[in-house]
Each structure stands twice: as structure tokens, then as C-alpha cells.
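Novice: sharing a model that was predicted from the sequence below.
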Amino acid sequence: MSNLVAPLNEAVAAGQKAAAVDAAMIAKLTDMAGDFAINLSIAVIILIVTVFVSKWAAGVTRRALSRVRGFRHDPTVLSFAVQVVRVVIFIVGFIAVLQRLGVQTTSIIAVLGAASLAVGLALQGTLSNVAAGVMLLILRPYRVGDVVDIGGRAGTVQRLDLFLTQMADANNVKIVVPNSKVFGDTILNLSGQRTRRMELKIGVGYGDNLNTAREALISAAEAHDLVLSDPAPWCGVTALLDSSVEMTLQAWTRSEDYWQTKADVLQAAKEALDAADIEIPFPHQVAVPYGEDDQPEAPRAPKARKGPGGEASPSTGPTDTASEG
């Protein structure tokens, strides 16, 4: 009887032990799931807080820089600084989320540090754009709202960020130029100065009075309201061309009034020369009559000469050097 009781007791003990292990495992999994749910909830809260903090910090940065005299009216620096603040806060928030989820950020940072060389080589063009954007922000050869010419493309600067410079030309066509190309190319800031000089080259006839033409052109420029009186308009002979005398008219105006004033002055110069009876030469075409009476004379046939027998024979050349025997 004892032989039957002992195995039964052992089986009961094994069952109780297995049940205890299963209960401990379930309790452990429950605790892990609860901890993960709590950490996940906290991570989501951190992420939401990061988004709101980034917006708040961007607003604070914009307001703080707006109080600085040098940055108050410079949207380029404001937008650039706001973008940098947002990126930094998002990076910090992302690292906090990973740490809350149990990810070892130190190992991730070590891996990123080891891979930074390869990433830098692969993204050297992008990194050069970032470096160029920082240099453009520091040196500020142009600002948002300026009219610039970069690589032969002119337009109004609309935005400057870490990677690109965005412009819009006179036809409102969007132009996007990488910062590295902008920083490495010649930049013409057409609105960087308060005033700008226009230069109009106009040809007059050789038979016209040059002093009268010069006075007419200067008067046409001085009569315009947007042409500055200081410096005063200037006009003079600058070249003697094949069929005309080139006269150059120079006048100053404000940069924002340049294009319309130039068009108005050019029209006024044409009208002033017409009123002064000054000819503006232009290419002419002359028709030469070519009728039947003007046909060139046909070459005459060579005269025949008589041979020894009295028969006519055609001449083979201008002279006959044959001798009769």
C-alpha cells in the first residue's frame, strides 16, 4: 500500500510545483506587460509633450529674436533659428522616448558614432548644403525679400533653410537652389542697395546734331518723377559704330522703382528724339533693279579665219602660232 502512496504523493507534489511555476510565469508576464504598457503610455506622453514644447520653444525663440534690433526685421534669421530649435527639441524628445521604452541609447549613440564616417561620406553633398546654409546665415549676402541673381537665374528670395534657397522669378516660377551651389557661385544682390543706376544705349545718325540729341535725352530723364536729381542724369557719346553714333544715358532711381522707371525713361527718350527731329538709325535694305536691259552682255564667239585653201576655220585661241611650211 505504501508503494502506491509514494508515487501518488510525488505526482501531486510535481503538479503543485508546475502550477506554482505557471502562476509565477503568468504573474511575471503580467508584470512585464503592465510595465510595458506604463512605459509605452509615458513614451506617448513624452512624444506629445515634445511636439508642444517644440512649438512653444519656436514661438519663444521667434519673439526673443524679434526684440533684438539686428534681427527684428530679418525673417531669414528668424526662420532659420526656429527651425534649428525645433530639430534639437525633437532629437532630445526622441532619445527620451527610446530610454523610456528600455532601449539602450548609449549603444545606439555608439553605433551612430561608428557609422558617422560612412554616413558623412554618403551625405557629403547634403552636409555641404547645411554648412553653406550656416555660412549664408552668418554672412547674410542676401535676405528674404531681396532680388538676387544666382547662376544666371534672377528672382526674389522667399525662403532660406538648412539645405535650400527658394526664389520666385518675375513670372512667379519657383526656383530652388542648393545652398552649396549658392555659396560657391557669384551672387548678385540686385536690391541690396537703396539706389540703382540705369544705363540706356541709344544710337543716333551721323548727320544729326549730337549736342541737341544729348540735351533731349537728359531732359527726358530729368522730367521723370522717380529719377533722382542727385546724382544727376548724364549722357554722352560712348562709341562710333558702323551706321550710328552710340550715346549712353545714365540715370539713378530707387531700387524698388528700377524696372518701371527704366521702361518709362526709354520711352521718353524715344519721344524726345522724335520731337527734336533726331534719327535713330536702323538697318535698311536696298532693292537693285535687274531687268532685261540690265542683262550682262553675252560673250562674243571667236571670229573664223580662212585657211590655206580659202576655207574658213574656227580659231582655237587668241593667237595662232602655227607656221606654214
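Specialist: Perfect, I can see it now. Numbering: from 1, shown residues only.
Novice: where along the protein do the strands fall?
Specialist: Taking DSSP state E as the criterion, the chain carries its strands at 147-150, 153-160, 164-168, 174-178, 187-189, 195-204, 234-240, 245-254, 304-306, 312-314.
Novice: of all the ones you listed, which one is nearest residue 85?
Specialist: Residue 85 sits nearest to strand 153-160 of all those, at 16.0 Å, using C-beta to C-beta. Where C-beta positions appear, they are placed from N, C-alpha and C, glycine not excepted.
Novice: show me which positions of the closest one end up buried.
Specialist: By neighbour count on 16 or more other C-beta atoms under 10 Å, the buried set for strand 153-160 is 155, 156, 157, 160.
Novice: tabulate the residues you listed (JSON lines), appending pLDDT and distance to residue 147.
Specialist: Listed next are those as JSON lines, based on pLDDT from 0 to 100; distance: C-beta to C-beta, whole Å:
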{"residue": "155", "pLDDT": "92", "distance to residue 147": "7"}
{"residue": "156", "pLDDT": "92", "distance to residue 147": "5"}
{"residue": "157", "pLDDT": "92", "distance to residue 147": "8"}
{"residue": "160", "pLDDT": "85", "distance to residue 147": "14"}
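Novice: between the residues you listed, which is nearest residue 192?
Specialist: Closest approach to residue 192 among the buried residues of strand 153-160 (C-beta to C-beta): residue 157, at 11.2 Å.
Novice: give the contact list for the closest one.
Specialist: Neighbouring residues of residue 157 by C-beta atoms under 8 Å, 6 or more residues apart in numbering: 76, 142, 143, 144, 145, 146, 147, 148, 165, 166, 167.
Novice: enumerate the beta-bridge partners assigned to it.
Specialist: Beta-bridge partners of residue 157, counted by DSSP bridges, are residue 167.
Novice: and stretch 272-289, how far apart are its ends?
Specialist: Length of stretch 272-289, first residue to last, C-alpha to C-alpha, to the nearest Å: 37 Å.
Novice: could I get the buried residue list for it?
Specialist: Judged by neighbour count (16+ other C-beta under 10 Å), stretch 272-289 contains these buried residues: 272, 273, 276, 278, 281.
Novice: about what we covered before: out of the buried residues of strand 153-160, flag the one nearest to residue 128.
Specialist: Relative to residue 128, the closest of these is residue 160; by C-beta to C-beta it sits at 15.7 Å.
Novice: just give me the neighbour total for residue 225.
Specialist: Residue 225 is flanked by 8 other residues according to other C-beta atoms under 10 Å.
Novice: I'd like to know how far it sits from residue 268.
Specialist: For residue 225, the distance to residue 268 (C-beta to C-beta, to the nearest Å) stands at 11 Å.
Novice: what of residue 236?
Specialist: When residue 236 is compared with residue 268 (using C-beta to C-beta), they lie 18 Å apart.
Novice: neighbour count for these two, which is higher?
Specialist: Using other C-beta under 10 Å as the criterion, residue 236 and residue 268 rank with residue 268 on top: 19 against 13.
Novice: quick one: residues contacting the more buried one.
Specialist: Contact partners of residue 268, counting by C-beta under 8 Å, 6+ apart, are 220, 221, 223, 224.
Novice: break this structure into its domains for me.
Specialist: The chain breaks down by automatic domain parsing into domains covering 15-122, 142-189, 195-275.
Novice: centroid-nearest residue for the chain?
Specialist: Centroid-nearest residue in the chain: residue 177, 4.1 Å away (criterion: C-alpha atoms, centre = their mean).
Novice: so who does the closest residue to it other than its chain neighbours touch?
Specialist: Excluding the flanking residues, the one nearest residue 177 by C-beta to C-beta, 6 or more residues apart in numbering is residue 165, at 5.0 Å. Residues in contact with residue 165, defined by C-beta under 8 Å, 6+ apart, are 136, 150, 157, 159, 176, 177, 178, 179, 182.
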